[in-house]
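Enquirer: only geometry, no sequence info:
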């Protein structure tokens, strides 16, 4: 895992090497083991290396082909690189290193960029320069596991693994992207490919941005497709999934440094640890928990340590825990925002802490992300759009659910400037399906498949971005066995009836009995049915049957209790840094409603706190205290 940067000038001006070096050094936390630069007139590439595979100097980057024609900087891991290497050797390529980086160079030289991108099984973001063609390729893996940002400047562009690298360029200024801000405060996520930084976008997942004398063009080489479900016997489905899970975990253990794993109290991470433990004796595992003495209600179940300890005992792992308390947000939030930059999703500072813990013991950590989105882990979401009448009805129903933070009426009061077009956010939401090809919206099965497509394209994408940024803040590589290509392909072919055990029951509910329907939507938790059966012999029954919950701290209670002072002094201050963008009166109203228990606004308060810190860090210059320091 690494950090990459680059500058490409369109006006024949040579690259300013000190600027390029400063951009690269801004990402030193992503790769403290080695660094390098390549400058060829109007093009410059920079690399910070976290050594995982082939620790020798032969894997140094930027890496060039023997004839000097191809130059690459690359961030990621290719799990099938040995298989690809054998094919390329048969085609005549003579390798000089054991690294997966050289496989990318050879693959481009022999197959071309499109075939190379489609053959990759792993996580990758890379820039490849073809000096003969004077052509630059910016490539991201299927799922967008690794970030790659582009800033289009006057007479050129720059790219980087993180936006903070652009801040070292003298032409870059931080300005708020109002459209992205409206989108974030609607969905607590960004569905388009822009960011909160005006002028900065990211290369979409499964895409290749090509830049040459003819200009720019974006090519897409893959997309999720849940529309081609194939009938399969239940037992055969379970057996196939068990085999694919084992192969995926084994593939992702490839490393020349120690590999550990996150271990929550849930089935997904437990399954991965159980399978990995067959190959890694006394594997190191890591769990985050919360001090719960002043927490009540549903949040009292948020601490997952007991279930994680049971899983660790079962798999005989060397287990470590991080316990967080209410006061940790005050210290950590500015640091989290500095690392995250591109605000997404809910309370993420626990991710920061658990990655920091894991990085003290290992360089690589397996994660259970992706299992829910691929195998139907959120049934209460899907049943909300059950039996929609048509595509428009489906979109309206699902859009209502995914406005996680504010409605159009709220946004009319929230923002200080700018007017939201009547259907702006609905169109953003619907736009996710614009290239969805064969997705149908008529039957319940089609509607659930459409939901899975949407959540993989949006929610999972946000989880991966947060995971990368907060792990790499501590120089830790996260890996995601559920995002193994063969496993994903199987999940897309697996019929909905094998994912949701409650599907038939839901189909039998009388639509006119509204109360029964609503109760069922909240009560049913039969998601990931096939996966549960496949992993039942590895994961303790108590963990397997544990009610689904996300990795989240008990913020609703903490905001009213021990963190109430922090929330008030941050958001109700006369010196509110975000006051140029957000209405302080509306913020006060939300905070007081939460404190008085009139409503649970924990998600919105988190986003208010995050954007306030974003303004302080990136607009007011408070980032200077974090530069060059370890997480």
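Expert: Thanks, I have the structure now. Everything numeric here is computed off the predicted structure, so don't read it as measured data.
Enquirer: show me the shaky parts of the stretch 51-200 of the chain.
Expert: 51-57 (pLDDT under 70).
Enquirer: let me see the ranges of the strands in it.
Expert: With DSSP state E, counting those that start in this stretch as the criterion, the stretch 51-200 of the chain has strands at 63-64, 70-78, 122-130, 135-140, 149-153, 156-160, 200-202.
Enquirer: rebuild the ones you listed as JSON lines, extending it with distance to residue 272 and mean neighbour count.
Expert: Using the backbone N, CA and C atoms, a C-beta is placed for each residue, glycine as well. Supplementary listing: the strands of the stretch 51-200 of the chain in JSON lines, determined by distance: least, Cβ to Cβ, whole Å; neighbours: other Cβ atoms under 10 Å:
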{"stretch": "strand 63-64", "distance to residue 272": "31", "mean neighbour count": "19"}
{"stretch": "strand 70-78", "distance to residue 272": "16", "mean neighbour count": "25"}
{"stretch": "strand 122-130", "distance to residue 272": "16", "mean neighbour count": "24"}
{"stretch": "strand 135-140", "distance to residue 272": "24", "mean neighbour count": "22"}
{"stretch": "strand 149-153", "distance to residue 272": "29", "mean neighbour count": "19"}
{"stretch": "strand 156-160", "distance to residue 272": "31", "mean neighbour count": "24"}
{"stretch": "strand 200-202", "distance to residue 272": "27", "mean neighbour count": "21"}
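Enquirer: please render these as CSV that adds distance to residue 213 to the earlier fields.
Expert: Output for the strands of the stretch 51-200 of the chain, formatted as CSV (distance: least, Cβ to Cβ, whole Å):
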stretch, distance to residue 213
strand 63-64, 22
strand 70-78, 18
strand 122-130, 12
strand 135-140, 8
strand 149-153, 17
strand 156-160, 13
strand 200-202, 22
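Enquirer: right, and the ones you listed - which one's nearest residue 398?
Expert: Set against residue 398 and scored by Cβ to Cβ, these come closest in strand 200-202, at 24.2 Å.
Enquirer: now that closest one, how far from the centre of its chain.
Expert: 15 Å (Cα atoms, centre = their mean, to the nearest Å).
Enquirer: phi, psi of residue 208?
Expert: Here is the backbone geometry of residue 208 (degrees, to the nearest 10): phi -130, psi 120.
Enquirer: where do the helices of the stretch 351-500 of the chain begin and end?
Expert: Applying DSSP state H, counting those that start in this stretch to the stretch 351-500 of the chain gives helices spanning 371-375, 379-382, 391-402, 408-414, 424-431, 444-457, 459-472, 485-493.
Enquirer: of all the ones you listed, which lies closest to residue 173?
Expert: So among the helices of the stretch 351-500 of the chain, helix 459-472 is nearest, using Cβ to Cβ, at 21.9 Å.
Enquirer: before we move on, back to that, could the helices of the stretch 351-500 of the chain go into CSV alongside distance to residue 499 and mean neighbour count?
Expert: Below are the helices of the stretch 351-500 of the chain laid out as CSV (distance: least, Cβ to Cβ, whole Å; neighbours: other Cβ under 10 Å):
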stretch, distance to residue 499, mean neighbour count
helix 371-375, 5, 25
helix 379-382, 9, 22
helix 391-402, 18, 17
helix 408-414, 33, 15
helix 424-431, 23, 17
helix 444-457, 8, 23
helix 459-472, 15, 24
helix 485-493, 8, 19
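Enquirer: ranking those by mean pLDDT, which is last?
Expert: Of all those, mean pLDDT reaches its minimum on helix 379-382 (a mean of 81).
Enquirer: what helices and strands are in contact with it?
Expert: helix 444-457 (3 or more Cβ pairs under 8 Å, 6 or more residues apart in numbering; DSSP states H and E).
Enquirer: centre of the chain versus the helix it packs on, how much separation?
Expert: Between the mean C-alpha location of helix 444-457 and the chain-wide mean there is a distance of 18 Å, by Cα atoms, centre = their mean.
Enquirer: same thing with stretch 604-618?
Expert: 19 Å.
Enquirer: I'd like the average pLDDT over it.
Expert: 95.
Enquirer: swap in stretch 284-293?
Expert: Mean pLDDT, stretch 284-293: 80.
Enquirer: chain center to it, what's the gap?
Expert: Relative to the chain's own centre, stretch 284-293 is displaced by 22 Å; criterion: Cα atoms, centre = their mean.
Enquirer: run through who's touching that stretch.
Expert: Applying Cβ atoms under 8 Å, 6 or more residues apart in numbering, the contact partners of stretch 284-293 are 258, 260-265, 273, 300, 302-305, 308-309, 311-312, 315, 317-326, 350, 353-354, 357-358, 361-362, 365, 551, 553-554.
Enquirer: JSON lines for the helices of the stretch 351-500 of the chain, including distance to residue 533?
Expert: Shown next, in JSON lines, are these (distance: least, Cβ to Cβ, whole Å):
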{"stretch": "helix 371-375", "distance to residue 533": "11"}
{"stretch": "helix 379-382", "distance to residue 533": "16"}
{"stretch": "helix 391-402", "distance to residue 533": "28"}
{"stretch": "helix 408-414", "distance to residue 533": "43"}
{"stretch": "helix 424-431", "distance to residue 533": "34"}
{"stretch": "helix 444-457", "distance to residue 533": "19"}
{"stretch": "helix 459-472", "distance to residue 533": "23"}
{"stretch": "helix 485-493", "distance to residue 533": "14"}
